[in-house]
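> Build me a model:
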Amino acid sequence: MAKQGVINNSTVDPNKILPMRYLWARKHYKDGVANNWTPEEISMQKDVEQWKSNDVLTDTERRLILWNLGFFSTAESLTANNLVLTVYKHVTNPECRQYLLRQSYEEAVHTDTFIYCCDSLGLNPDEIYTMYETIPSIKEKDDFVVELTKSMLNPDFNTIGSKNIQQFLHDLVGYYVIMEGIFFYAGFAMMLALKRQNKMVGIGEQFEYIMRDESIHLAFGCDLINTIKAENPEIWTADFQEKIVELIKQAVILEKQYAHDACPQGMLGINAQQFCDYVEYIADRRLERIDLPKVYGRTNPFPWMSQATDLSKEKNFFETRVTEYQTAGSLDWD
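Alright, predicted model coming up:
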C-alpha cells in the first residue's frame with residue numbers, strides 16, 4: 001500500500017506543489033517573506049562610533065558583543081549546512097520544501113549579517129570566526145549540535161522504518177528545537193538588552209530581524225516534528241520522549257554556562273542568572289511545543305523580548321524602513 005506523509009510519501013511528486021496538504025508550511029513561508037530584510041538596510045554608523053569610543057561600552061559589554069558575534073557567525077553556517085545537506089533531502093513534501101528553500105535564503109542573510117557587522121566594526125575575522133574552536137562554552141554548544149545531527153549527514157541514512165524515523169526526529173529536535181530554539185536565545189537577550197540601553201542599536205536591530213526569522217524557523221520545525229509524530233505514532237514511545245527531554249536539559253546546561261561565560265559581570269540592571277532563568281523559561285516553551293512536560297517552571301524574566309518577534313509593528317510612514325512594509329496575498333489553498 002502506498003504510504004502518505006510528510007516523509008516517505010510514495011504518492012507525491014516533490015515538483016508538484018499543488019494541491020497543498022500541509023497549509024502550516026505555506027503559512028510559515030508567507031510569514032518569512034513578510035519579514036524580508038538585508039543587513040545593509042540597517043545603519044551601523046552609531047555602532048561604529050560607540051565601538052571606537054573609550055567611554056560608551058564597558059569591558060563586559062565589549063566581551064559580550066564579541067562572543068555573540070563569534071558564536072552566531074559560525075552557528076548560522078552550521079544550521080545552513082544541516083538544512084541544505086540533510087533536512088531538505090529527507091523532507092520530500094513540496095510545500096515543506098518550498099519553506100526550506102526560503103529558510104535557506106534566510107540563513108544566508110544571517111551569515112551575511114555577521115560579515116557586515118565584523119566589517120563595519122573593523123574586527124579581526126581570525127578572532128571572530130575561530131571562537132567556535134577557542135572559546136570552550138561556544139565549542140561545547142557547537143560540538144553538541146554536530147553530535148546530535150550527525151546521523152542525517154551519513155550519505156547512507158534514510159527514513160525508512162521506525163528506527164530511522166525516530167533517529168530523524170531526534171536530529172530534527174537537535175537542529176530546530178535545541179540549536180535554533182535554545183542555543184540562540186541567551187545571545188538574543190544579551191544583544192537586545194544592550195539595544196534597550198541605546199547601545200549598538202544597529203547590531204541590536206539586526207538581531208531583532210534574525211530573531212523574528214528564527215521564531216518562524218522554530219515554528220516550522222516544531223510543526224514538522226509534530227506532523228511526523230502524528231503520522232508515525234509508534235515512534236513516540238515513553239523512552240524516546242524521556243531521551244528528548246534529557247537532551248534538552250543538557251542543552252540548557254550548556255546554554256547557561258555560555259551565559260555566565262559571555263556576561264560574567266552582568267550589565268546595567270541585568271545579570272547572568274537572569275539570562276539563565278530566561279533559558280529555562282524558553283526551554284519549557286520548547287518542550288510544550290512538541291507535547292512534552294515542562295521541566296523548570298520558570299517565569300519570563302524578560303517580557304520585553306516578545307516585542308522583538310512582533311511582525312506587526314506600526315510606525316510613522318515617513319520614519320519607516322522598506323524592511324518594515326509587508327505585503328502578502330490572501331489565497332485560499334483549501
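> Residues contacting stretch 295-304, please?
189, 192-193, 196, 245, 248-249, 252, 274, 277-278, 280-281, 283-284, 287 (CB atoms under 8 Å, 6 or more residues apart in numbering). Where C-beta positions appear, they are placed from N, C-alpha and C, glycine not excepted.
> mind listing the helices for the chain?
Taking DSSP state H, the helices of the chain run over residues 23-34, 45-52, 59-82, 88-90, 94-121, 125-128, 131-134, 136-148, 150-153, 162-172, 185-196, 201-231, 238-262, 272-289.
> Buried among the contacts of stretch 295-304? Make that a PyMOL selection.
Per 16 or more other CB atoms under 10 Å, the buried members of those correspond to this PyMOL selection:
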select buried, resi 189+192+193+248+252+274+277+278+280+281+283+284+287
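> about what we covered before: how about the helices of the chain in CSV, adding distance to Ile178 and mean pLDDT?
Below are the helices of the chain laid out as CSV (distance: least, CB to CB, whole Å; pLDDT from 0 to 100):
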stretch, distance to Ile178, mean pLDDT
helix 23-34, 19, 96
helix 45-52, 30, 97
helix 59-82, 11, 87
helix 88-90, 18, 91
helix 94-121, 16, 95
helix 125-128, 23, 91
helix 131-134, 16, 90
helix 136-148, 7, 89
helix 150-153, 14, 80
helix 162-172, 10, 95
helix 185-196, 11, 93
helix 201-231, 10, 96
helix 238-262, 4, 96
helix 272-289, 8, 95
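> gap between the residue lying closest to Lys229 once chain neighbours are set aside and Ile7?
Sequence neighbours aside, Trp236 is the residue nearest to Lys229 in space, at 4.9 Å (criterion: CB to CB, 6 or more residues apart in numbering). According to CB to CB, to the nearest Å, Trp236 stands 15 Å off from Ile7.
> Which one's more surrounded, these two?
Ile7 (22 against 17; other CB atoms under 10 Å).
> what's that one sitting at in phi/psi?
When read as degrees, to the nearest 10, the backbone of Ile7 gives phi -130, psi 160.
> For the residue nearest to it when sequence neighbours are not counted, grab the count of nearby residues.
Spatial nearest neighbour of Ile7, chain neighbours left out: Thr159 (4.9 Å); criterion: CB to CB, 6+ apart. For Thr159, the neighbour count with other CB under 10 Å is 20.
> Same question for Pro293.
Here the count is done by other CB under 10 Å, and Pro293 has 9 residues near it.
> dump the residue contacts of the closest residue to it other than its chain neighbours.
Sequence neighbours aside, Leu287 is the residue nearest to Pro293 in space, at 6.6 Å (criterion: CB to CB, 6+ apart). Residues counted as contacts of Leu287 (CB under 8 Å, 6+ apart) are Val245, Ile248, Pro293, Lys294, Val295.
> same deal with His28?
For His28, the contacting residues are Tyr99, Ile216, Ala219, Phe220, Asp223, by CB under 8 Å, 6+ apart.
> Using a markdown table, lay out the residues you listed together with neighbour count.
Converted to a markdown table, these look like this (neighbours: other CB atoms under 10 Å):
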| residue | neighbour count |
| --- | --- |
| Tyr99 | 26 |
| Ile216 | 23 |
| Ala219 | 17 |
| Phe220 | 24 |
| Asp223 | 21 |
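> Make TSV out of those residues and add distance to Cys118.
Shown next, in TSV, are the contacts of His28 (distance: CB to CB, whole Å):
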residue	distance to Cys118
Tyr99	29
Ile216	25
Ala219	29
Phe220	29
Asp223	34
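> now, which of the contacts of Leu287 sits nearest Asp126?
Asp126 lies nearest to Ile248 out of the contacts of Leu287, by CB to CB, at 33.8 Å.
> my guess is the closest one meets Ala283, correct?
Yes: look at Ile248 against Ala283 with CB atoms under 8 Å: they come within range, at 5.7 Å.
> if I look at these two, which residues touch both of them?
Listed as contacting both Ile248 and Ala283 by CB under 8 Å, 6+ apart are Ile182, Val295.
> how about the contacts of Leu287 in a markdown table, adding distance to Asp119?
A markdown table is the format used below for the contacts of Leu287 (distance: CB to CB, whole Å):
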| residue | distance to Asp119 |
| --- | --- |
| Val245 | 42 |
| Ile248 | 36 |
| Pro293 | 45 |
| Lys294 | 42 |
| Val295 | 41 |
